[in-house]
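1. got a structure for you, letters missing:
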């Protein structure tokens, strides 16, 4: 049946970020839901941030729309215009090509959880606060295009 | 900022279903989030079901993937294999082309709310329990293809 047994899907905390950019996402525990359910038109990730964890480096996508809905707990959404609290039921949307980078930080003392949906075509994107871009084939490079030499995410 | 002010988006309860199939969805109050946020790669709907309301007639999509996450309250998910309770944080996925029709019924005494995401290409689909199909251009027809004569949804 199509109800998803989340507990049966292992959580991962891996990242392809080169050091030291990988450190803030070590306590980000995610499950990719599309591969296990047969969804192909968009990607869905269930993500738990432990206290202190970041959802990602602050970023944008050139070719992919992104949508997020908070499920539990509390996180700070960081964007060019500052910080916005997200709580259960709050939603956010980032259309592709908007270079107002975003990420979530769990500044609270408890876990928080959210669902994030991504669609479109991976054509690359950038990071607001660090010298890094991601490419269409998910490599991480400096803003002058020289590679970091790490594996694709 | 990309955090969505849900309260600023009017709720609708309209449907293109021909009578009497429109009756069970009269107390389904939804907000389409993609048009107001600029998302184009997939559709997102925020939906509240009042007690007794259905999310839709039990249906499937031939060409569109669908994903749902419960935000609050409780609903019954009805599928070919029976009934499954959905509560806050529960997720379900319906890959396109799977003719195991689904819908949610709010059998509880309180409102429930969920987010549903749809992607892919509208090529039509069907309804499990009634003599109705929907077409690529969102018209409703009998299973012998004769039209109901109502407006597209």
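-> Perfect, I can see it now. This is a predicted model, so every value here is computed, not measured. Numbering: from 1, shown residues only, chains lettered A, B, ... in the order given.

2. tell me the contacts of residue A:133?
-> Contacts here follow CB atoms under 8 Å, 6 or more residues apart in numbering or on different chains; on that basis residue A:133 touches A:124, A:125, A:126, A:127, A:140, A:141, A:142, A:143, A:145. C-betas here are computed from N, CA, C, even on glycine.

3. from the residues you listed, pick the one nearest residue A:22.
-> residue A:140 (10.2 Å; CB to CB).

4. the closest one contacts residue A:131, doesn't it?
-> No: taking CB atoms under 8 Å as the contact criterion, residue A:140 and residue A:131 are not neighbours in contact, 10.4 Å apart.

5. and the two? which has more neighbours close in?
-> Under the criterion of other CB atoms under 10 Å in any protein chain shown, the comparison of residue A:140 against residue A:131 puts residue A:140 first, with 22 against 12.

6. can you pull out the strands in chain A?
-> Taking DSSP state E as the criterion, chain A contains strands spanning A:28-32, A:43-49, A:59-61, A:66-72, A:74-79, A:82-87, A:91-94, A:103-105, A:112-118, A:125-127, A:133-134, A:140-141.

7. can the third one be said to contact chain B?
-> No: applying CB under 8 Å from any CB of the partner chain, one finds strand A:59-61 out of contact with chain B, separated by at least 10.0 Å.

8. got it, and the second one?
-> Yes: under the criterion of CB under 8 Å from any CB, strand A:43-49 makes contact with chain B via A:44, A:46.

9. got the strands of chain A as CSV, with distance to residue B:74 and mean pLDDT columns?
-> Output for those, formatted as CSV (distance: least, CB to CB, whole Å; pLDDT from 0 to 100):
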stretch, distance to residue B:74, mean pLDDT
strand A:28-32, 23, 98
strand A:43-49, 20, 98
strand A:59-61, 35, 98
strand A:66-72, 15, 98
strand A:74-79, 23, 98
strand A:82-87, 20, 97
strand A:91-94, 21, 98
strand A:103-105, 27, 98
strand A:112-118, 18, 98
strand A:125-127, 38, 98
strand A:133-134, 40, 96
strand A:140-141, 43, 96
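
10. would you turn the ones you listed into a markdown table with distance to residue B:88?
-> Putting the strands of chain A into a markdown table (distance: least, CB to CB, whole Å) gives the following:
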| stretch | distance to residue B:88 |
| --- | --- |
| strand A:28-32 | 17 |
| strand A:43-49 | 13 |
| strand A:59-61 | 28 |
| strand A:66-72 | 7 |
| strand A:74-79 | 15 |
| strand A:82-87 | 13 |
| strand A:91-94 | 15 |
| strand A:103-105 | 19 |
| strand A:112-118 | 10 |
| strand A:125-127 | 31 |
| strand A:133-134 | 33 |
| strand A:140-141 | 36 |
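
11. among the ones you listed, which is nearest residue B:101?
-> In terms of CB to CB, the element of the strands of chain A nearest to residue B:101 is strand A:43-49, at 21.1 Å.

12. who are the packing partners of the closest one?
-> On a contact count with 3 or more CB pairs under 8 Å, 6 or more residues apart in numbering or on different chains; DSSP states H and E, strand A:43-49 meets strand A:28-32, helix A:34-37, strand A:112-118, strand B:91-94.

13. again, 10 Å this time
-> Other elements packing on strand A:43-49 under the criterion 3 or more CB pairs under 10 Å, 6 or more residues apart in numbering or on different chains; DSSP states H and E are strand A:28-32, helix A:34-37, strand A:66-72, strand A:103-105, strand A:112-118, strand B:66-72, strand B:91-94.

14. want to try CSV for the ones you listed, with mean neighbour count and distance to residue B:57 as columns?
-> Formatted as CSV, the entries for these read as follows, by neighbours: other CB atoms under 10 Å in any protein chain shown; distance: least, CB to CB, whole Å:
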stretch, mean neighbour count, distance to residue B:57
strand A:28-32, 19, 31
helix A:34-37, 16, 23
strand A:66-72, 23, 25
strand A:103-105, 21, 37
strand A:112-118, 22, 25
strand B:66-72, 23, 14
strand B:91-94, 22, 14
